[in-house]
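> sequence and predicted structure are below.
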Amino acid sequence: MHLVRENLFIGNITDAAEVLQNGSTQITHILSVLSSASISFFTEWRSSLAIPSKEIKKVFVGGCGSDGGSASADDDLVDCSKNCLSPQKLLYLLEYAGKDLTLVRMAVPIRDMESEDLLDYLDVCLDFIEKSRKEGSVLVHCFAGVSRSAAIITAYLMRTEQLSQEDALESLRKSCEFVCPNDGFLEQLKMFEEMGYKVDHSNPIYKRFRLKVLGDSYNRGEKIDSSKLGADPGMPKEGSSVSEASSKEGKNHTVAYRCKKCRRVVALQDNVVDHIPGEGETSFEWHKRRSGNPFNKSAESECSSIFVEPLRWMTAVEEGALEGKLCCAHCEARLGYFNWSGIQCSCGSWITPAFQLHKCRVDISTV
Ligand SMILES: [Zn+2]
Ligand SMILES: [Zn+2]
């Protein structure tokens, strides 16, 4: 176990087992980052271990607590419509654990894989570390103490000390020289930095990440059902997407894209996944050297298409094809194309996976 900051330690499963089995004069809280959240993971690892535990609560992505109501008493309801995690996936388990049930353990199920979604767990993990350090001392551990726990502590140092990903990791290495988050985690920590040390679901960086996770899941052969698609903005009573989106904007400023032929709303600004015009292998050099904000209006107008997240009216997507036409759900006019392997925008950028609406087939208005 290595001290990282006052009241903050990093360790491996052996360190955690030692604390849980024998208690500790130092540690009061444990954050377990293992492939399974259950305390039985320790017994499966070493059959001589039997660690007592008493559940405080389980929080699922879909926002249902299993603890008889206390989840709704605080702010633990987690909206699943805008993150990458499947609905009803366990977000975290909170329990009393160890000798005399004196330790508070939070467990998050994360595998040490490059494709694993780390971002969506960061908020709850960092908040737990912060709170635990005020009440006592926290041990953050994974299996080897090298990748997962290091990634979470790196994010924590980034947020609390406003450090870049590189500086935070460098600082952590001074406490524990062999830490080495996997490349997928490092990439996500970079996004965390670029989003200002928070996981902002409306940020284009996060939207592109979500699309990439969905593309990975398609490539693994997983079924893309409607729970993985965004709410249909043309169906006002479905879910809360439209009313929420428009009330968040405050005034009547929500930009909507409508089918040119029948005027049905097919996408909201919130559904658009921006790309940097001209970014991509086949683009010309002069495109890349453009200065200023890549997301500004003049740059966007060069693209003949907009790219959106997959939405529930795109029934062809649910049928499982690699690519296909996107037709208006009301009048069946052809609006664009989708391809899980990507489509090149007129500006030269490759968007992968791509759900493309031709600007000439849609009108822009406000709702
Ligand atoms: Zn473009
Ligand atoms: Zn139409």
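Ah, there it is. Ligands and ions are numbered 1, 2, ... in the order given.
> tell me the contacts of the closest residue to D112 other than its chain neighbours?
Of all residues not flanking D112 in the chain, S147 sits nearest, at 4.8 Å (C-beta to C-beta, 6 or more residues apart in numbering). All C-beta spots, glycine's among them, are computed from the backbone N, C-alpha and C. By C-beta atoms under 8 Å, 6 or more residues apart in numbering, S147 lies in contact with D112, V179, C180, P181, N182, F185.
> now flag whichever of the residues you listed is closest to D200.
Ranked by distance to D200 (C-beta to C-beta), those are led by F185 at 18.5 Å.
> quick check: helices, which of the contacts of S147 are part of them?
For the contacts of S147, the ones inside helices are F185, with DSSP state H as the criterion.
> what is the neighbour count of the closest residue to E161 other than its chain neighbours?
Nearest residue to E161, sequence neighbours excluded (C-beta to C-beta, 6+ apart): A168, at 7.1 Å. Using other C-beta atoms under 10 Å, A168 is surrounded by 22 other residues.
> then C125?
For C125, the neighbour count with other C-beta under 10 Å is 23.
> the residue nearest to E161 sits in which helix or strand?
Assigned by DSSP states H and E, A168 belongs to helix 165-175.
> that helix packs against which elements?
strand 2-5, helix 148-161, helix 183-194 (3 or more C-beta pairs under 8 Å, 6 or more residues apart in numbering; DSSP states H and E).
> same thing but 10 Å
Packing contacts for helix 165-175, counted by 3 or more C-beta pairs under 10 Å, 6 or more residues apart in numbering; DSSP states H and E, involve strand 2-5, strand 8-11, helix 148-161, helix 183-194.
> that helix: how far from the chain's middle?
On the basis of C-alpha atoms, centre = their mean, to the nearest Å, helix 165-175 sits 23 Å off its chain's mean C-alpha point.
> output the set of residues of the stretch 1-150 of the chain in proximity to ligand 1.
Residues of the stretch 1-150 of the chain found near ligand 1 (C-beta under 5 Å from the ion): none.
> poorly predicted segments of the stretch 1-150 of the chain, please.
63-81 (pLDDT under 70).
> hmm, try it at 80
Residues of the stretch 1-150 of the chain meeting the criterion pLDDT under 80: 62-82, 86-87.
> how much space between V266 and K82?
According to C-beta to C-beta, to the nearest Å, V266 and K82 sit 19 Å apart.
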